[in-house]
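1. Dropping a prediction and its sequence here:
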Amino acid sequence: MSLYGLVICGGESTRMGTDKSLLVYYQKPQYEHVADLLAPLCERVILCCNAEQYKTFRTGYPKLADMPEFVGAGPMSGLLTAFETFPGNDFLVAGCDYPHLTTDELANFLHDTDKDLTAAAFYNQNAFYEPLLGWYSCSVGNALGKAFANGSRSLQRFLQAENAGKYRPLSEKTMLSVDTMEDFRAVKQALEAANDF
């Protein structure tokens, strides 16, 4: 069974005011940086994106635009499209707005995940899953499709219903999601300062 990496890029980025997947923390756009993090762990890595991003992204990684029937379902759109396009594969999912994410942390997550479960995700101190830092087995695709057909658009509620595995990362900072331009500038400044030492 193959493990495919999915970089979820397609958010509207309304609070940020610009496409979060295009932000640069590490000399390249986040969509490409996150793909590079997933690459050592996965057979192949795919960028899940909206139609506009599909036209503009320049990268060696394959791109997958949200299927029309799933558009508007938030992050679930990309995952549903991936299950539909690549059935029979497990997916390691990473959103593009986690600047402190590392390949080592993802490797620890995969190592600690009970593969008898249908899904698992990073789990924060407020007792919520981080659905865009997760592992989704091929066996969960049908259940996800049924949830969508029943009107659910929440991966959080889906993971709770599946009793998904909970992974607490070595550093809570890994789960820091950057959603505003102010946060972006602060994180970028901190990363640059750390690299100066």
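-> Right, received. Where do you want to start?

2. how about the helices of the chain, start to end?
-> Secondary structure of the chain, counting by DSSP state H: helices at 30-38, 51-56, 75-85, 103-112, 141-149, 155-161, 181-195.

3. Would you enumerate the residues in contact with the spatially most central residue of the chain?
-> By Cα atoms, centre = their mean, the chain has its centre lying nearest to residue 94, at 2.4 Å. By Cβ atoms under 8 Å, 6 or more residues apart in numbering, the contact list for residue 94 reads 5, 6, 7, 8, 34, 37, 38, 101, 106, 132, 133. Every C-beta, even on glycine, is put in place using the N, C-alpha and C of the backbone.

4. And the residue nearest to it when sequence neighbours are not counted, how far from residue 58?
-> Distances taken as Cβ to Cβ, 6 or more residues apart in numbering place residue 34 nearest to residue 94, at 5.2 Å, with adjacent residues excluded. Applying Cβ to Cβ, to the nearest Å, the value for residue 34 to residue 58 is 16 Å.

5. what about those two, which has more around it?
-> Each of residue 34 and residue 58 has its neighbours counted (other Cβ atoms under 10 Å); residue 34 has more, 29 against 6.

6. contacting residues around the more buried one?
-> 7, 94, 95, 96, 98, 101.

7. Hmm, residue 158 is touching residue 152, no?
-> Yes - using Cβ atoms under 8 Å, residue 158 is in contact with residue 152, at 6.6 Å.

8. hang on, the earlier thing: so which of the contacts of residue 34 are in strands?
-> 7, 94, 95 (DSSP state E).

9. Apart from its neighbours in sequence, what residue is nearest the last one?
-> To tie it back to what came earlier, the one meant is residue 95. residue 132 (3.3 Å).

10. Quick check: the one you found touching residue 7?
-> No - taking Cβ under 8 Å as the definition, residue 132 is not a contact partner of residue 7, at 9.6 Å.
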